[in-house]
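Sequence and predicted structure are below.
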Amino acid sequence: MSQTVHSSGEHQPDENRRDFLTLATTAVGAVGVGCALLPFVDSMNPSKDVLALASVEVNLANIPVGQAIKVMWRGKPVFIRHRTEREINEAEDVALNELVDPQTDDARVEKKEWLVVVGVCTHLGCIPMGTATGETRGDYDGWYCPCHGSHYDTSGRIRRGPAPLNLVVPEYEFLTDTSVRIG
Amino acid sequence: MSAPQWNNKVVKWVDDRLPVISMLHHSAYEYPTPKNLSYMWNFGSLAGFVLVTMILTGIFLVMNYTPHTDMAFESVERIMRDVNYGWLIRYIHMNGASMFFIVVFIHIFRGLYYGSYKAPREMLWWIGILILLAMMATAFMGYVLPWGQMSFWGATVITNLFSAFPIIGDPLVTWLWGGFSVDNPTLNRFFSLHYLMPFVILGLVVLHVWALHTVRSNNPTGVEIKTPADAIPFHPYYTIKDLYGMGVFLIFFSVFVFFAPDFLGHPDNYIPANPLVTPPHIVPEWYFLPFYAILRSIDFTIFGIPAKLLGVLAMFASIVILFVIPWLDTSKVRSSKFRPVYKWFFWLFVIDTFILGYCGAKAPDDYFLGIPGLKVIVMGQLSTLYYFAHFLVVMPLVGKMERTKPLPASISESVLKEGANA
């Protein structure tokens, strides 16, 4: 700004007022544009019909001890394993300091014989193998992810490989002894 | 340069009101071009040609494609079997993506070798990198559309990369998906964006050419045009040279389209997407392999940053670093022709990117080229190290220490000297 403008008492308030008006107008405009963008950004979030499909009920009566099933929940598989006595002991006997993502088996199940976990590897989202009979279950008798080699144990906890976290335990509750609602 | 005088009255009438004809004349006819451009300078116009080819074939594919998880795969199969020449249009589009990357990668390596990123061409270079990024996004989303196994699992793995970011990661991934997994909403938005992006690229190309015509083309000597004797008009000299190159390129392109249309693809993508079964070996398309190798080679933690996040950052950094090379390269000489030391590092860098590509294609626990004891993951880590060292260490240091060869006084002089030696 030149010296003449500063020395002239008449112009200075005008300049300040104009700067303020420009800034205020720009700010209000920016907030307006932001508000106008919000519905578009939010339209890309899960819609109501997607959210409505967010829970499923599963009948467990047909799963014999030692076997597991896959059910679809929110477009991804959930593993439900009817664990054997040996598998339960194996999961409970691990010392917490041996775990990458320390969690007791107790904290991960509602009923000891039923393990319910989201069947998505916490590394980059592949489906670990080990649910169907005959598939490799990895070095810790749980699941093995073929994409980048993560091993999970009989509680679905990460034991070795690049995955950072245990298989996620979804929200679920037992409706009866043999049926469960996930979500 | 004065505006040309038009004899045709209609042309003159239009041009007086909107000087679009003068502009085209100026930029595609009389544009003064260095007279020593080699065939390495063909790849820019070739990239433009492939872009137009992709947009045209894409528009015709959309006429028969259905963006729905239940029908996408079958609609693509219908294009292949029932739509007249559908197989041809799809194979051109499919292989065109690969051709686009081949041409653009050569174009980028050309720029690196001849120092085309240096002042005053930084903006030109930046816009080029933005085009590359836009191309990658477009190619990735396009690959998802046929809804085969690789489409689905590629989309799953790549979108999951964003979950590596702390706090915002998971909501961000849900937002990208529009659900809790890659599903119909994801397919729909990828289709929408895949249609949009080529036009964004087209806009960037206009800016790229604008910047080019402002700072003028670089050339094999890296010496600027100094007198009119250094330049020749773009038409007919380079229009004809570009057309010749296009002919050669079309032969190459056609070999793939007609004789090996699936050579560059992955057979698993002819299996319909199945959210319950992951293919045992997920690999991206060949043009992403070097970046995929960089992503995977980070399997360790630094300063408490988890390996997964670090890998993602390294992968993004491998492209973002290109933005700053105009300042990382300290050499006053543009062209590697006159840089006896840097030239070798350049070729080492080219080889390095090929090694990264190879590592990206193999499982981490395989042996590199079958050499016992040398795991792919280790080789990938070494090549990743060199990739970044090339920009962060070699470029600044060699530029300072190297004794460059004498530059020719002008483009003309170098042309005459080479002519005399021939």
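All right, it came through fine.

is it true that residue A:125 touches residue B:160?
Yes. Using Cβ atoms under 8 Å, residue A:125 makes contact with residue B:160 at a distance of 4.0 Å. (Each C-beta comes from the backbone N, C-alpha and C, glycine too.)

Any stretches of chain B with poor pLDDT?
B:1-3, B:422 (pLDDT under 70).

would residue A:71 count as being in a helix?
No. Assigned with DSSP: H, G, I helix; E, B strand; the rest coil, residue A:71 falls outside any helix and is strand.

Verify the stated contact: it with residue A:77.
Yes. The pair residue A:71 and residue A:77 qualifies as a contact (Cβ under 8 Å) at a distance of 7.0 Å.

How many residues are close by residue A:66?
Other residues near residue A:66 come to 13 when the count uses other Cβ atoms under 10 Å in any protein chain shown.

cool, the one 10 residues further on as well?
The tally of other residues near residue A:76 (other Cβ under 10 Å) stands at 22.

From chain B, how far out is it?
4 Å (Cβ to the nearest Cβ, to the nearest Å).

Quick check: closest non-adjacent residue to that residue.
Excluding the flanking residues, the one nearest residue A:76 by Cβ to Cβ, 6 or more residues apart in numbering or on different chains is residue B:181, at 4.4 Å.

what secondary structure does the one you found sit in?
Following three-state DSSP, residue B:181 is assigned to coil.

what's near enough to touch residue B:223?
Applying Cβ atoms under 8 Å, 6 or more residues apart in numbering or on different chains to residue B:223 gives the contacts B:334-335, B:407-408, B:410-411, B:414.

and it, which of the three is it?
Following three-state DSSP, the label given to residue B:223 is coil.

can stretch B:312-328 be found next to chain A?
No. Counting by Cβ under 8 Å from any Cβ of the partner chain, no contacts exist between stretch B:312-328 and chain A, the nearest distance being 10.1 Å.

for that stretch, which positions count as buried?
B:312-315, B:318, B:321-322, B:325-326, B:328 (16 or more other Cβ atoms under 10 Å in any protein chain shown).

Need the max-distance pair from those residues.
By the measure Cβ to Cβ, B:312 and B:326 form the most distant pair in these, at 25.6 Å.

What is the burial count for residue B:144?
24.

so who does the closest residue to residue B:114 other than its chain neighbours touch?
Leaving aside its chain neighbours, residue B:114 sits nearest to residue B:335 (4.9 Å; criterion: Cβ to Cβ, 6+ apart). Going by Cβ under 8 Å, 6+ apart, residue B:335 touches B:113-115, B:220-223.

sorry, back to before: let me know the closest of the buried residues of stretch B:312-328 to chain A.
Distance to chain A across the buried residues of stretch B:312-328 (Cβ to the nearest Cβ) is lowest for residue B:312, with 10.1 Å.

what sits against that closest one?
The contact partners of residue B:312, by Cβ under 8 Å, 6+ apart, come to B:161-162, B:164-165, B:295.

Backbone dihedrals for the residue in the stretch 301-422 of chain B that chain A sits nearest to, please?
Per Cβ to the nearest Cβ, residue B:306 is where the stretch 301-422 of chain B lies closest to chain A, at 5.5 Å. With angles defined as degrees, to the nearest 10, residue B:306 sits at phi -60, psi 150.

Residue A:163 is in contact with that one, correct?
No. With contact defined as Cβ under 8 Å, residue B:306 and residue A:163 do not form a contacting pair (10.5 Å).

Between these two, point out the one with more neighbours.
More crowded of residue B:306 and residue A:163, by other Cβ under 10 Å: residue A:163, with 25 against 17.

show me where chain B has strands.
Secondary structure of chain B, counting by DSSP state E: strands at B:32-34, B:231-233.

Export the ones you listed as TSV, with columns for mean neighbour count and distance to residue B:379.
Formatted as TSV, these follow (neighbours: other Cβ atoms under 10 Å in any protein chain shown; distance: least, Cβ to Cβ, whole Å):
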stretch	mean neighbour count	distance to residue B:379
strand B:32-34	20	40
strand B:231-233	18	46
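
Out of the ones you listed, the one nearest residue B:171 is which?
Smallest distance to residue B:171 across the strands of chain B (Cβ to Cβ): 50.9 Å, for strand B:32-34.

Can you list the strands that that closest one pairs with?
Using DSSP bridges, strand B:32-34 pairs in its sheet with strand B:231-233 (antiparallel).
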